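S.K.: Return a 3D structure for these sequence lines:
(one chain, ligands or ions: 2)
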Amino acid sequence: MKQIKIFDTTLRDGEQSPGCSMNLQEKLEVAHALEKLKVDIIEAGFAISSPGDFESVKSIAEAVHDCTVASLARLNIKDIDAAYEAVRGAADPRIHTFIATSPLHMQYKLKMTEDQVLEKTEKLVAYAKNYCSNIEFSAEDATRSDPAFLVKVVNAAIRAGATTINIPDTVGYTTPAEMQNLIAYLIANVENSDKVDFAVHCHNDLGLGVANSLAGVLGGATQIECTINGLGERAGNTSLEEVVMAMRTRPDIYKNPPRIDTTKIYNTSKLVYNIIGQTPAINKPIVGANAFAHEAGIHQHGVLANRSTYEIMTPESVGITANKIVLGKHSGKHAFDTRLRELGYELSEEELLDCFEKFKVLCDKKKNISDSDLRALVTHKKKDTENAKYSLDRFYVHASNVLSATSTVRLKLTNGSTIEDAAVGNGPVDASYNAVRKLINPPAHTLEKYSINAVSEGKDSLGEAMVKIRVEGSDDLVSGRGLSTDIVEASIIAYINALEKII
Ligand code: KIV
Ligand code: ZN
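M.R.: Ligands and ions are numbered 1, 2, ... in the order given. Here you go, the predicted structure:
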């Protein structure tokens with residue numbers, strides 16, 4: 001029985017969805033986290049879609065060693081050329097090419113007949129095969145395609161050399177029984193179906209992404225396509241953490257679960273949320289704040305007597321540790337490093353020193369440092385801002401409920417000099433943002449989202465600020481993050497961080 005492969009498309013299907021764009025450095029960080037999580041395949045992007053996407057697929061292909069790296073390509077020569085050029089440096093490159101097969105898509109989008117789609121599939125999969133042995137073929141909108149036609153297309157793709165056949169539920173329309181039957185039908189009717197992997201790629205429009213993926217596995221699929229936190233177009237894709245933990249929790253049903261190191265799930269999820277400037281819904285399975293909380297008295301009573309009364313998996317199995325207050329002013333670097341390792345972080349010496357420095361500064365402001373504080377320190381790494389042109393040097397705000405707030409902000413430039421200006425505003429954050437804009441003079445943009453969250457409990461908690469801005473005339477949202485025990489300071493840092501990305 002083949003082990004289920006996990007194909008992670010956070011950096012392609014996830015990243016292309018509104019509000020989830022990442023810069024190169026962020027994508028590399030996610031790719032390394034996915035490698036440590038032990039996903040089998042990383043879909044690093046859609047190489048032809050932009051020079052930036054091409055560069056990031058190429059960089060990820062060269063940086064990652066323990067996973068196959070794929071680039072998406074429509075079924076045409078230019079796309080396939082670009083995809084191969086971008087992934088060729090990978091230890092195991094894969095070209096992932098696709099064409100739509102449903103009557104709706106063929107008639108209105110492609111304006112092609114079934115025969116033309118068949119011919120193109122055979123010709124261009126063979127073209128891609130000249131470049132590399134690892135070829136994935138996807139029949140877009142497969143779940144609304146004629147199954148008999150799908151058999152013909154998949155036969156053509158396999159004849160031409162495809163090694164993985166993906167059956168996407170592109171619009172999140174199918175149901176579990178239908179998906180299971182479709183995969184079983186294809187495996188039974190396609191020639192040489194035992195020589196390839198069948199994959200399922202489910203969107204979550206009806207909240208069935210995970211259920212449909214698991215049903216696909218029961219039908220015989222050996223690859224699941226998914227994203228961290230279920231990011232993706234519209235309602236998202238199958239969530240990696242949910243589908244993996246479902247298989248791990250029910251080995252009686254799923255006998256060949258993937259090789260994922262589940263103890264890395266929580267940190268990877270947190271990293272991705274942090275980068276895109278979102279937080280999970282509190283009741284999000286596996287990684288939401290309440291996923292392992294037992295509030296009701298009757299549940300607490302049961303859990304205290306025996307955890308498995310109300311707990312089907314342990315928080316530790318996904319890398320959530322009790323939020324212990326472990327470190328303080330007198331803790332040394334060794335204790336700091338040990339606790340970070342226990343939390344699942346392996347930092348380079350340079351990163352460790354950077355975090356330790358920030359930890360010491362934090363200890364002067366806060367007596368007890370919790371695991372949540374440590375996670376926040378690690379996520380807001382120095383390298384996120386070290387090439388920044390501007391950094392916050394100091395600020396002074398005056399706010400009241402009778403007068404407009406005023407803020408004086410001093411920024412430090414890369415050459416060590418400083419610039420300072422003041423502004424008024426509707427509250428201390430608004431006044432500070434007005435002052436920052438006067439100093440930086442960024443391109444016209446709108447502030448689409450601003451939030452501040454306490455990282456841990458208590459009034460001395462670190463505040464994590466997140467902003468999302470949109471440059472005028474662009475569809476992309478750019479996010480910025482800041483961390484401080486002072487919420488105005490965290491807010492200013494987050495805004496500068498976002499502005500840096502657009503200037
Ligand atoms: O949802 C979809 O059909 C896709 C394909 C390009 C694989 O993302
Ligand atoms: Zn998709």
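
S.K.: contacts, neighbours, all on C-alpha from now
M.R.: OK.

S.K.: count of residues packed around the closest residue to ligand 1 within the stretch 351-500 of the chain?
M.R.: Relative to ligand 1, the nearest point of the stretch 351-500 of the chain is Asp476 (19.3 Å; C-alpha to the nearest ligand atom). By the other C-alpha atoms under 10 Å criterion, the neighbourhood of Asp476 contains 17 residues.

S.K.: Spit out the contact partners of it.
M.R.: 18-19, 21, 470 (C-alpha atoms under 8 Å, 6 or more residues apart in numbering).

S.K.: Wait, a strand at Thr97?
M.R.: Yes - under DSSP: H, G, I helix; E, B strand; the rest coil, Thr97 sits within a strand.

S.K.: any idea how far Thr485 is from Leu377?
M.R.: Distance of Thr485 to Leu377, computed by C-alpha to C-alpha, to the nearest Å: 12 Å.

S.K.: now swap in Ala82 and tell me
M.R.: Taking C-alpha to C-alpha, one finds Ala82 at 38 Å from Leu377.

S.K.: so who does Ala399 touch?
M.R.: Ala399 touches 405-406, 427-428, counting by C-alpha under 8 Å, 6+ apart.

S.K.: wait, Glu85
M.R.: Glu85 sits in contact with Lys58, where contact means C-alpha under 8 Å, 6+ apart.

S.K.: Give me the pLDDT value at it.
M.R.: At Glu85, the model reports a pLDDT of 98.

S.K.: Would you map the strands across the stretch 201-350 of the chain?
M.R.: Taking DSSP state E, counting those that start in this stretch to define them, one finds strands in the stretch 201-350 of the chain at 223-226, 325-328.

S.K.: Can you check which of those strands gets nearest to Gln116?
M.R.: strand 223-226 (27.5 Å; C-alpha to C-alpha).

S.K.: could you say what helices and strands that closest one packs with?
M.R.: When contacts are defined as 3 or more C-alpha pairs under 8 Å, 6 or more residues apart in numbering; DSSP states H and E, strand 223-226 packs onto strand 5-8, strand 197-202, helix 209-219.

S.K.: how about a cut-off of 10 Å?
M.R.: With contacts taken as 3 or more C-alpha pairs under 10 Å, 6 or more residues apart in numbering; DSSP states H and E, strand 223-226 sits against strand 5-8, strand 41-45, strand 164-169, strand 197-202, helix 209-219, helix 240-249.

S.K.: Just put the ones you listed in TSV and tack on mean neighbour count, mean pLDDT and distance to ligand 1.
M.R.: Rendered in TSV, the data for these read as follows (neighbours: other C-alpha atoms under 10 Å; pLDDT from 0 to 100; distance: least, C-alpha to the nearest ligand atom, whole Å):
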stretch	mean neighbour count	mean pLDDT	distance to ligand 1
strand 5-8	24	98	11
strand 41-45	29	98	10
strand 164-169	25	98	5
strand 197-202	27	98	7
helix 209-219	25	98	11
helix 240-249	21	98	15
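
S.K.: Distance to Phe149 for the ones you listed - can I get that in CSV?
M.R.: CSV is the format used below for the helices and strands packed on strand 223-226 (distance: least, C-alpha to C-alpha, whole Å):
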stretch, distance to Phe149
strand 5-8, 26
strand 41-45, 27
strand 164-169, 13
strand 197-202, 17
helix 209-219, 19
helix 240-249, 29
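
S.K.: Out of those, which is closest to Ile496?
M.R.: strand 41-45 (27.4 Å).

S.K.: about what we covered before: adding distance to ligand 1, mean pLDDT and mean neighbour count, write the strands of the stretch 201-350 of the chain out as a markdown table.
M.R.: Putting those into a markdown table (distance: least, C-alpha to the nearest ligand atom, whole Å; pLDDT from 0 to 100; neighbours: other C-alpha atoms under 10 Å) gives the following:
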| stretch | distance to ligand 1 | mean pLDDT | mean neighbour count |
| --- | --- | --- | --- |
| strand 223-226 | 9 | 98 | 28 |
| strand 325-328 | 43 | 76 | 16 |
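
S.K.: Quick check, Ala490 in contact with Ala454.
M.R.: No - between Ala490 and Ala454 there is no contact under C-alpha atoms under 10 Å: 11.0 Å.

S.K.: who touches both of those two?
M.R.: 462-465, 483-484 (C-alpha atoms under 10 Å, 6 or more residues apart in numbering).

S.K.: Between all of those, which two are separated the most?
M.R.: So, these by C-alpha to C-alpha: farthest apart are Leu462 and Ala465, at 9.7 Å.

S.K.: Mutual contacts of the two, please.
M.R.: 452-455, 483-484, 487, 490.

S.K.: Can you tell me which residues in the chain are near ligand 1?
M.R.: Within the chain, the positions adjacent to ligand 1 are 13, 98, 138, 140-141, 168, 170 by C-alpha under 6 Å from any ligand atom.

S.K.: go again using 5 Å as the cut-off
M.R.: By C-alpha under 5 Å from any ligand atom, the residues of the chain that approach ligand 1 are 140, 168, 170.

S.K.: partner residues bridging the second one?
M.R.: The one in question is Pro168. Beta bridges link Pro168 to His201, judged by DSSP bridges.

S.K.: For it, give its distance to Asn237.
M.R.: Taking C-alpha to C-alpha, one finds Pro168 at 10 Å from Asn237.

S.K.: Quick check: neighbours shared by the two?
M.R.: Going by C-alpha under 10 Å, 6+ apart, residues that sit against Pro168 and also against Asn237 are 201-203, 225.

S.K.: Report the two of those separated the most.
M.R.: Of all the pairs that these form, the one spanning the most space (C-alpha to C-alpha) is His203 and Glu225, at 9.8 Å.

S.K.: can you list the strands of the stretch 201-350 of the chain in a markdown table and add distance to Ala31?
M.R.: Output for those, formatted as a markdown table (distance: least, C-alpha to C-alpha, whole Å):
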| stretch | distance to Ala31 |
| --- | --- |
| strand 223-226 | 14 |
| strand 325-328 | 30 |
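
S.K.: So which of those strands is nearest Val243?
M.R.: It is, among the strands of the stretch 201-350 of the chain and with distance given as C-alpha to C-alpha, strand 223-226, at 8.3 Å.

S.K.: follow-up on the earlier one: intersection of neighbour lists for His203 and Glu225?
M.R.: Common neighbours of His203 and Glu225 (C-alpha under 10 Å, 6+ apart) are 13, 168, 213, 237-239.

S.K.: For ligand 1, give me its nearest residue in the chain.
M.R.: Thr170 (3.7 Å).

S.K.: Val471: what's it in contact with?
M.R.: By C-alpha under 10 Å, 6+ apart, the neighbours of Val471 are 442-447, 477-478, 499, 502-503.

S.K.: Leu186 - how many residues pack around it?
M.R.: Leu186 has 22 nearby residues by other C-alpha under 10 Å.
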